[in-house]
Every structure is written in structure tokens, then in C-alpha cells.
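1. can't give you the sequence, but here's the structure:
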Ligand SMILES: [Zn+2]
């Protein structure tokens with residue numbers, strides 16, 4: 001008898017959805033960064049990306065793409081070299097200037113569809129009630145991220 005080393009189908013699906021959401025949120029963060037004045041990926045962009053993804057549901061198409069990406073992340077055993085590019089990314093996240101200052105999350109000034117929606121989401125975040133348990137988890141992890149980076153919402 002094998003002890004619970006295997007994930008159940010249900011657990012697998014949950015992990016995939018989490019990965020899909022996270023990778024999609026990262027894409028939003030990158031867009032926000034590209035549309036910002038300083039083009040530096042800061043905690044603000046990361047947090048805004050997560051908030052956007054929590055409050056603006058993925059389209060079916062986005063979900064399919066993200067799930068495929070999540071799946072290939074989970075089951076990738078071929079020649080993709082993961083030479084720690086992720087680590088490099090996380091180094092750029094903080095600009096050390098305001099690392100110790102507690103301040104409100106600052107969205108960029110861009111008026112495109114995504115950036116405008118992000119500002120609306122920011123305004124409504126505190127009153128937002130997630131629709132399911134997974135949403136609850138995302139909301140609390142966003143609050144946790146804010147705490148870590150000294151950001152207020
Ligand atoms: Zn924009």
C-alpha cells in the first residue's frame with residue numbers, strides 16, 4: 001500500500017489552478033511594469049497584478065493557456081533548462097529606496113484597459129469578498145505580500 005505520496009486528482013486540479021493564476025498574475029505585473037514611468041518591477045506591480053487576477057476573472061481562453069502552462073510547469077521533465085532565472089527576477093522586485101517605508105500601493109498612470117482596471121480593483125479591494133475558498137486564499141496571500149513589502153491597501 002502506498003502512503004499518500006500521490007496527489008489526488010482534485011488536489012492536482014487545485015494546484016494547477018493556483019499555478020495558472022500565479023503565472024497569469026505575473027504577466028499582468030509585467031504589463032503594469034512596462035506601462036509605468038520607471039519600468040522597474042516593484043512590489044506595487046506585483047501586488048497590483050495579484051489583485052487584478054483575483055478580482056478580474058480570467059477569460060476561458062486565458063484560463064486554457066494558463067492551465068497549459070501550469071501543466072507543463074508541473075510535469076515538465078524534458079530539456080527545459082531552469083537555470084534559476086526566477087531568482088534573478090526576484091532580485092529586481094524591490095527598489096531599495098523605499099523598502100523600509102510603509103506606504104500605500106501606487107498604481108501607474110497609464111490609461112490602457114488593464115492599468116485602468118487595476119486602479120478600480122485597488123479602490124475596491126478591501127471590500128471585495130472572494131467567491132470561493134481559493135479566492136479567500138489569494139486574498140490573504142495578497143495581504144501577506146503587502147505586509148512583507150510594507151505596502152498598504
Ligand atoms: Zn497600461
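-> Structure received. Quantities reported herein were computed from a predicted structural model and do not represent experimental measurements.
2. Distance of the spatially closest residue to residue 151 that is not a sequence neighbour relative to residue 113?
-> The shortest distance from residue 151 to any non-neighbouring residue, by Cβ to Cβ, 6 or more residues apart in numbering, is to residue 105 (4.8 Å). C-beta coordinates here come from the backbone N, C-alpha and C atoms, glycine included. If you measure residue 105 against residue 113 using Cβ to Cβ, to the nearest Å, the figure is 20 Å.
3. Settle it for me: which of these two has more neighbours?
-> Comparing residue 105 with residue 113 by other Cβ atoms under 10 Å, the one with more neighbours is residue 105, at 21 against 8.
4. Let me know whether that one touches residue 45 as I believe.
-> No. Shown here, residue 105 and residue 45 do not form a contact pair, counting by Cβ atoms under 8 Å, at 9.4 Å.
5. Spit out the contact partners of the closest residue to residue 138 other than its chain neighbours.
-> With sequence-adjacent residues excluded and distances taken as Cβ to Cβ, 6+ apart, residue 138 is closest to residue 54, at 4.8 Å. Residues counted as contacts of residue 54 (Cβ atoms under 8 Å, 6 or more residues apart in numbering) are 21, 121, 128, 130, 135, 138-139, 142.
6. change it to 10 Å
-> If you count contacts by Cβ atoms under 10 Å, 6 or more residues apart in numbering, residue 54 has them with 21, 25, 121, 125, 128, 130-131, 134-135, 137-139, 141-142.
7. Of all the residues in the helix or strand containing residue 30, which ones are buried?
-> When secondary structure is defined using DSSP states H and E, the element that contains residue 30 is helix 9-34. Residues of helix 9-34 classed as buried under the neighbour-count rule (16 or more other Cβ atoms under 10 Å) are 16-17, 19-29, 31-33.
8. closest to residue 58 among those residues?
-> Checking those against residue 58 by Cβ to Cβ gives residue 24 as the nearest, at 6.1 Å.
9. low-confidence ranges in the chain?
-> Applying pLDDT under 70 to the chain picks out residues 1-5, 77-99.
10. could you pull out the helices for it?
-> Taking DSSP state H to define them, one finds helices in the chain at 9-34, 43-55, 60-75, 85-92, 113-124, 133-148.
11. got a list of what the closest residue to residue 62 other than its chain neighbours touches?
-> Distance criterion Cβ to Cβ, 6+ apart; nearest residue to residue 62, sequence neighbours excluded, is residue 24 at 6.2 Å. With Cβ under 10 Å, 6+ apart as the criterion, the residues that contact residue 24 are 49-50, 52-53, 58, 62-63, 65-67, 69-70.
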